[in-house]
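A.B. asks: Quick one, what's the 3D model for this:
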Amino acid sequence: MTQAAFPKLLRSQIAFDLARTIRDGFDKHYRLFRQTSRQAKQHFERGAWADAQQAARARIDFYDQRVQECVQSLEDEYEPSDLTDEVWRELKLHYIGMLSDHKQPELAETFFNSVCCNILHRRYFHNEFIFVRPVVSTDYIETAELRPTYRVYYPATDGLHFTLKRIITNFQLEAKFADLTRDVEQVEARLRQLYGDASMEPNHQFQVLSSLFFRNKGAYIVGKSINGNRVYPFVVPILHNSRGELVLDTVLFDPEQIAILFSFTRAYFLVDMEVPSAYVQFLRSLMPRKPRSEIYTILGLQKQGKALFYRDYMQHLKHSSDLFDIAPGIRGLVMLVFALPSFPYVFKVIKDFYPPPKETTRALVKQKYLLVKHHDRVGRMADTLEYSNVAFPRSRFSEALLAELRQHAPSQIEYDGDQIVIRHLYIERRMVPLNMWLSSAGSEQELEHGVLEYGNAIKELVAANIFPGDMLYKNFGVTRHQRVVFYDYDEIEYITDCHFRAIPAPRNEEEEMASEPWYPIGRHDVFPEQFGSFLLGDPKIRKHFMKHHADLLTPEYWQSRKQRIQDGVVEDVFPYPQQIRFYQQHPSDIPAVTPPPFMETLENE
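C.D. replies: Residues are numbered from 1 along each chain as shown. Down below sits the predicted model:
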């Protein structure tokens, strides 16, 4: 296409108006997104945890609400006959022009795709009509506001202590610190163990993102220390103490601990970002192994994360040749799970029929997954990506998988030439099923770790008001960080909706010998004493479970947790080890820091 011919194509007023409507719809979405993210600071300062949780849940729905508003507006204003293929082609060109100076062009492109895919048939889902590939670069986007993406500090100029205090006070939190000088000394002591005398070298600098990261009851300062070609990431959590005063709780600089903080098993952060791509680029410099899709998602931009994930998946599919097949492990009654061995995710399809004792429906299962999406996952529930009408190459499906789909989910598949289209599915990070992990544990120590983590996962879910329902080991997975995570959601309930009961004593010999319960059981009744009968058959597992988690077999434990939730208590669930917190011990007892390996800058790799 010549430069002279290009303007002649852009002659449709309808296409221009459509592009402007979609662009305005996105701008409205991101304005509200940022407004909610900014309000997180006020919720944190006031300790208004219920308000913070409600805002985080509501923000998840903003995107779909704005997309539907936009679709409705377009359908109301234009006749289908007006929207010819030429109009749709020109629409994309107009839209590209509107993004030349945009601060969130990659998000706006994804919003465009969402609107168009709600209107167009999937035969239009290629780069001529939608953004299969991104067009507008996100490199070097300048912030329009006075606040840059990150601030730079030089500890050699003002001293490490003063520099750290300045980093913290620059966030202008309107709440009193219990003793900021004492806390900064704690951070300084840890960092001096890490840097040694390097902290005073002239070229040593701290780069700190300008916005705090808010989640649950914490605010997080995120930055990195750069000294020559050495780069150390660090995160400083700020919490409220029991008197409502602020404290610096610890400093994280182990890359693995920081990766867990940004895990796919946790709720999304609320961060005020004018240029989100700059935040993602900064965070990737701290966590180079984490894909951009996951970083966008954990920042609350889950639709962008979903779009990037799909692009990565399509590239992987193009450059691989293995077959999709049934995932290893015990097959579930509700979900048909399959995987591509070379790809670290699993694909889950809701079956059409559920044999006894399952009593559920497709709508109810989808509702449970939506509950998890909106809930605080406290590091113990896997996030899911939900897709509709996904086309797979039929030749890449094993015959066994095709047979399973035809038998168990015929309503969810459609054949389209050489493709098989799955109408609805979930995609999750692949983990080792806990039952398989326990059975292959190479040592007593590994077995104990798995059992300890299993019980900790249940207790942290309870703290978040979640009862897993089916607590069999097969419904939990082990991540690469050796953490146990729950991933089967079709039977979850709120703790506050459950009735935790003790098994009544039999009144006579007939009741004692009865094969069926002689006492009435309500739909939400739970008898913790029964857990051991189906969880603790293996003596080795039972030994470790009773050592660490015997309280889970008592109704009193569950009743007390339920009562705390009903009393409005928001429990602390820390996304880092207790032993590294400053105030779990006397300052003189803080363990010595083992410096993690530094990360070289990309220029020196």
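A.B. asks: rest of the way, CA atoms for contacts and neighbours
C.D. replies: Will do.
A.B. asks: Now do the same for Lys224: helix, strand or coil?
C.D. replies: strand (DSSP: H, G, I helix; E, B strand; the rest coil).
A.B. asks: Let me see the contact set for it.
C.D. replies: Taking C-alpha atoms under 8 Å, 6 or more residues apart in numbering, we find Lys224 in contact with 206-208, 231-234, 286.
A.B. asks: 7 Å instead, please
C.D. replies: The contact partners of Lys224, taken as C-alpha atoms under 7 Å, 6 or more residues apart in numbering, are 206-208, 231-234.
A.B. asks: for Val222, same thing?
C.D. replies: Contacts for Val222 (C-alpha under 7 Å, 6+ apart) come out as 208-209, 234-236.
A.B. asks: Would you show me how to pick out the buried ones of those residues in ChimeraX?
C.D. replies: For the buried members of the contacts of Val222, the matching ChimeraX selection, counting by 16 or more other C-alpha atoms under 10 Å, is:
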select :208,209,234,235,236
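A.B. asks: If we only consider the contacts of Val222, which is nearest to Thr361?
C.D. replies: Val235 (43.4 Å; C-alpha to C-alpha).
A.B. asks: coming back round to it: select from the contacts of Val222 every entry located in strands.
C.D. replies: 208-209, 234-236 (DSSP state E).
A.B. asks: where along the stretch 51-200 of the chain do the helices fall?
C.D. replies: Listed in chain order, the helices of the stretch 51-200 of the chain (DSSP state H, counting those that start in this stretch) span 85-98, 105-119, 155-158, 160-169, 180-195.
A.B. asks: In terms of mean pLDDT, which of those ranks lowest?
C.D. replies: Here those differ in mean pLDDT, and the lowest is helix 155-158 at a mean of 88.
A.B. asks: C-alpha coordinates for that helix, PDB please?
C.D. replies: Taking Å, rounded to 0.1, in the frame of the first residue of the first chain, the C-alpha atoms of helix 155-158 are listed here in PDB:
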ATOM      1  CA  PRO A 155      22.600   6.400  49.000                       C
ATOM      2  CA  ALA A 156      26.200   7.500  48.700                       C
ATOM      3  CA  THR A 157      25.000  11.100  48.500                       C
ATOM      4  CA  ASP A 158      22.800  11.200  51.600                       C
END
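A.B. asks: tell me the contacts of Tyr473?
C.D. replies: 434-435.
A.B. asks: ok, 8 Å please
C.D. replies: 433-435, 535.
A.B. asks: Same list, these, but as JSON lines with pLDDT and neighbour count please.
C.D. replies: Shown next, in JSON lines, are the contacts of Tyr473 (pLDDT from 0 to 100; neighbours: other C-alpha atoms under 10 Å):
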{"residue": "Pro433", "pLDDT": "95", "neighbour count": "22"}
{"residue": "Leu434", "pLDDT": "96", "neighbour count": "24"}
{"residue": "Asn435", "pLDDT": "95", "neighbour count": "18"}
{"residue": "Leu535", "pLDDT": "94", "neighbour count": "14"}
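A.B. asks: Identify the farthest-apart pair in the residues you listed.
C.D. replies: Pro433 and Leu535 (14.9 Å).
A.B. asks: a markdown table for the contacts of Tyr473, including distance to Lys318?
C.D. replies: Converted to a markdown table, the contacts of Tyr473 look like this (distance: C-alpha to C-alpha, whole Å):
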| residue | distance to Lys318 |
| --- | --- |
| Pro433 | 28 |
| Leu434 | 32 |
| Asn435 | 33 |
| Leu535 | 43 |
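A.B. asks: Out of the residues you listed, which sit inside strands?
C.D. replies: Of these, the ones assigned to strands by DSSP E are Pro433.
A.B. asks: re earlier: and the ones in strands among the contacts of Val222, which is closest to Arg38?
C.D. replies: Using C-alpha to C-alpha, Leu209 comes nearest to Arg38 of the ones in strands among the contacts of Val222, at 14.7 Å.
A.B. asks: List the beta-bridge partners for that closest one.
C.D. replies: Note on Leu209: beta-bridge partners by DSSP bridges are Tyr150.
A.B. asks: Go ahead and confirm Asp488 touches Met471.
C.D. replies: No. Applying C-alpha atoms under 8 Å as the test, Asp488 and Met471 come out as separate, 9.3 Å apart.
A.B. asks: Who has more neighbours out of those two?
C.D. replies: Higher neighbour count among Asp488 and Met471: Asp488, with 23 against 18, using other C-alpha atoms under 10 Å.
A.B. asks: Ramachandran angles for that one?
C.D. replies: The phi/psi pair for Asp488 (degrees, to the nearest 10) reads phi -120, psi 110.
A.B. asks: contacting residues for it?
C.D. replies: Applying C-alpha under 8 Å, 6+ apart, the residues contacting Asp488 are 475-476.
A.B. asks: Return the most buried member of the helices of the stretch 51-200 of the chain.
C.D. replies: Each of the helices of the stretch 51-200 of the chain was scored by mean neighbour count; the highest is helix 105-119, a mean of 21, by mean count of other C-alpha atoms under 10 Å.
A.B. asks: so how far is whichever strand or helix holds Ile565 from its chain's centroid?
C.D. replies: Assessed by DSSP states H and E, Ile565 sits inside helix 555-566. Relative to its chain's centre, helix 555-566 lies at 27 Å (C-alpha atoms, centre = their mean, to the nearest Å).
A.B. asks: tell me the mean pLDDT over stretch 356-366?
C.D. replies: For stretch 356-366, the mean per-residue pLDDT is 90.
A.B. asks: Was I right to think Val570 contacts Trp49?
C.D. replies: Yes. Using C-alpha under 8 Å, Val570 is in contact with Trp49, at 7.2 Å.
A.B. asks: the more surrounded of the two?
C.D. replies: Each of Val570 and Trp49 has its neighbours counted (other C-alpha under 10 Å); Trp49 has more, 20 against 16.
A.B. asks: distance of that one from Ile238?
C.D. replies: Going from Trp49 to Ile238 by C-alpha to C-alpha, to the nearest Å gives 14 Å.
A.B. asks: same thing with Arg581?
C.D. replies: Taken as C-alpha to C-alpha, the spacing of Arg581 relative to Ile238 amounts to 11 Å.
A.B. asks: So for these two, which residues contact both of them?
C.D. replies: Common contacts of Arg581 and Ile238, defined by C-alpha under 8 Å, 6+ apart, comprise Asp249.
A.B. asks: neighbour count winner among those two?
C.D. replies: Legend: neighbour count by other C-alpha under 10 Å for Arg581 and Ile238, higher for Ile238 (22 against 17).
A.B. asks: and the more buried one, backbone torsions?
C.D. replies: Residue torsions, per degrees, to the nearest 10, at Ile238 are phi -110, psi 130.
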